[in-house]
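A.B. asks: coords below, sequence missing:
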């Protein structure tokens, strides 16, 4: 029977098929942990006197709470410090490998897995974090779970799940100059809505997807959850294999050949059908930015703030009115005229080396606009080191930006990097929810190229705007 | 987990769509390592406004939340479910739930009852015109009742069964331990493990 990529990976992990309403029991190949969603799960194990079944398929890093300056000092926020220290104690007690603050392999959990070569095609990957969808870029079935499920995986290395439906996101054609993976995914979310992917695994397909680098594919899959989808996937190909080969945990020798032979079978069969299909013409896309308070409220940079009165659907109209009030925006204002206070370059969406290179290329020899601060936060210490080896740190520092240590940073208000009430940002992160970057903060989601150009001009801008 | 069969309590209308988990509980409240006491973080930003509906009598004492579509989107934080339950909610009614939130609810015994948007609108009108109206959510026949209104709701059969029985997911899975071990015996040997790396 012909099957989609997602169905193939699912079937390969079924420990037992459920009967009737009972879900399938799915084996989990890799469990990623961080300090926020794990403490109550470790506690649950202890209370029930259960062991961690597979410490050798589990890895932890510190990311959400960590400061991105003065990392040699103890974390000043005592509650944050307790959470990080609790992770350290739990990992020591249960024998889990942990990459703590300051470690060379420390970083955002979704940057760490791929760069170590732990994320491979055809695997099932879970983490108590919704952006686990990132790992689907390798053709893995990867999705975020809650703390109860974290405990379940710890105790059993499995999860009871009902199969997802499948949706093809076909992106064909060539991307224009200055248009990136971030613009693709923001356009996808605007098209299908924040609930459009509910119950589905999205498979991104088409020549525009095949042309993307591995890191760009991770950006696309990362934000699948913003369309409501639990997971996003891209079929592995030569780009994928080249990225994995030689990484610390990649197979080698005869194992490599066996693995690649299997990975090559991980494609949707030609005659397989999806439960839903969406088509996007890459050539139509331009730099995309959000104007509202959910990632579906986005428009091309050349557009203007929408007028809620012209929105027919009542729920959407009310949502748009509330969003504009929160964002402090007037209908009809050209998006390019929106002035920002802060630019954040980083996160599991856009904190990898290619993102830093792309932004550095735009900002090189220029300066951050007066009154604007720019934070550049590498996704991991390894990315940071690589960027420094390439001299990117100097490019950013010369431009007046801040060069930080690795972590989730300003993507969410859990660490010292936050927006003040009313402060407006252009951010390469993934969520523009009310208060996401700090209470009262106003977020516009953008690509690294738009972030860099915005930093220079002080208003939402594309690199092309710097040339005129 | 306590079994859930039926619940009657004050309903509160929340006329908002896309209530993401950052709104349900902001990140700053996620730093705790305990499992209880998250009620102070529930809708923290909105509750700082005295006009917010949960600050009004008799809605303050509500245990049934009636919200707009796409409830619980965004972050996977189970703290959102804990915060709702610690505050006193036992049921959330919405026309659409985000997948992870729905799953987390089912693990904790919070009923995520999916009603049609037209029934949600009827409930909103009723709860606004007659504040304090008790709402009964019956898991045995999957209906919501309030005054003369009777609305069916959807919940998947397996979650419903577990909630009715109050069963622990992990214990259910561990009944299949031999099958898990057998599966592990057949995994590809080249799959990665996280054993410590050699020192650099």
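C.D. replies: Here it is on my side, so go on. Because the structure is a prediction, the values reported are computed rather than measured.

A.B. asks: which stretch of helix or strand covers residue A:159?
C.D. replies: If you go by DSSP states H and E, residue A:159 is part of strand A:158-161.

A.B. asks: Residues of the stretch 201-350 of chain A that sit close to chain B?
C.D. replies: A:225-226, A:228, A:230, A:248-251, A:255-256, A:258-259, A:262, A:294, A:315-316, A:318-319, A:322 (Cβ under 8 Å from any Cβ of the partner chain). The C-beta positions use only the backbone N, C-alpha and C, and glycine is treated the same way.

A.B. asks: before we move on, back to that, and the strand holding residue A:159, what does it pack onto?
C.D. replies: strand A:24-27, helix A:147-156, helix B:169-174 (3 or more Cβ pairs under 8 Å, 6 or more residues apart in numbering or on different chains; DSSP states H and E).

A.B. asks: hmm, 6 Å instead?
C.D. replies: strand A:24-27 (3 or more Cβ pairs under 6 Å, 6 or more residues apart in numbering or on different chains; DSSP states H and E).

A.B. asks: close to chain B, is the strand it packs on?
C.D. replies: Yes. Under the criterion of Cβ under 6 Å from any Cβ of the partner chain, strand A:24-27 makes contact with chain B via residue A:27.

A.B. asks: what's the offset of that strand from the middle of its chain?
C.D. replies: 25 Å (Cα atoms, centre = their mean, to the nearest Å).

A.B. asks: After it, which helix or strand is next? Please name it.
C.D. replies: strand A:30-33.

A.B. asks: Please identify the pairing partners of that next one and their relative orientation?
C.D. replies: Sheet pairing of strand A:30-33 (DSSP bridges) gives strand A:58-61 (parallel), strand A:124-127 (parallel).

A.B. asks: For it, buried residues please.
C.D. replies: Within strand A:30-33, the residues scored as buried using 16 or more other Cβ atoms under 10 Å in any protein chain shown are A:30-33.

A.B. asks: and what of stretch A:215-224?
C.D. replies: Quick answer for stretch A:215-224 (16+ other Cβ under 10 Å): A:215-224.

A.B. asks: ditto for stretch B:53-60
C.D. replies: Buried-residue list, stretch B:53-60, by 16+ other Cβ under 10 Å: B:53-54, B:59.

A.B. asks: Which of those residues lies at the shortest distance from residue A:159?
C.D. replies: Nearest to residue A:159 among the buried residues of stretch B:53-60: residue B:54, at 33.5 Å, using Cβ to Cβ.

A.B. asks: buried subset of the residues of the stretch 201-350 of chain A next to chain B?
C.D. replies: Neighbour counting by 16+ other Cβ under 10 Å classes A:225-226, A:228, A:230, A:249-251, A:256, A:259, A:262, A:294, A:315-316, A:318-319, A:322 among these as buried.

A.B. asks: what's next to the longest strand belonging to chain B, contact-wise?
C.D. replies: Using DSSP state E, we find that the single longest strand of chain B is strand B:6-14. With contacts defined as Cβ atoms under 6 Å, 6 or more residues apart in numbering or on different chains, strand B:6-14 is touched by B:53, B:58-59, B:61-67, B:90, B:124, B:127-128, B:132, B:134-138.

A.B. asks: following it, which helix or strand shows up next?
C.D. replies: As the chain continues past strand B:6-14, the following element, by DSSP H and E, is helix B:21-24.

A.B. asks: immediately after the helix ranked longest in chain A, which helix or strand?
C.D. replies: Longest helix in chain A, counting residues (DSSP state H): helix A:78-94. The C-terminal neighbour of helix A:78-94 among helices and strands, as given by DSSP H and E, is strand A:97-99.

A.B. asks: Can you give the contact residues for that next one?
C.D. replies: Contacts for strand A:97-99 (Cβ under 6 Å, 6+ apart): A:59-61, A:91, A:105-106, B:194, B:196.

A.B. asks: who's in contact with the closest residue to residue A:442 other than its chain neighbours?
C.D. replies: Using Cβ to Cβ, 6 or more residues apart in numbering or on different chains and skipping the chain neighbours, the partner closest in space to residue A:442 is residue A:424 (4.4 Å). The contact partners of residue A:424, taken as Cβ under 6 Å, 6+ apart, are A:340-341, A:442.

A.B. asks: Phi and psi next, for residue A:424.
C.D. replies: Per-residue torsions, residue A:424: phi -110, psi 140 (degrees, to the nearest 10).

A.B. asks: Check the gap between it and residue A:443 for me.
C.D. replies: 8 Å (Cβ to Cβ, to the nearest Å).

A.B. asks: remind me, longest helix of chain B?
C.D. replies: Max-length helix for chain B by DSSP H is helix B:117-129.

A.B. asks: That one vs strand B:6-14, what angle?
C.D. replies: Per axes from the mean of the first three to the mean of the last three Cα atoms, to 10 degrees, the angle that helix B:117-129 makes with strand B:6-14 is 80 degrees.

A.B. asks: who in chain B is up against chain A?
C.D. replies: So chain B meets chain A at B:17-18, B:20, B:22, B:26-28, B:30-31, B:33, B:35, B:45, B:70, B:73, B:75-76, B:78, B:96, B:99-100, B:104, B:107, B:157-158, B:169-170, B:173, B:176, B:179-180, B:183, B:190, B:192-197 (Cβ under 6 Å from any Cβ).
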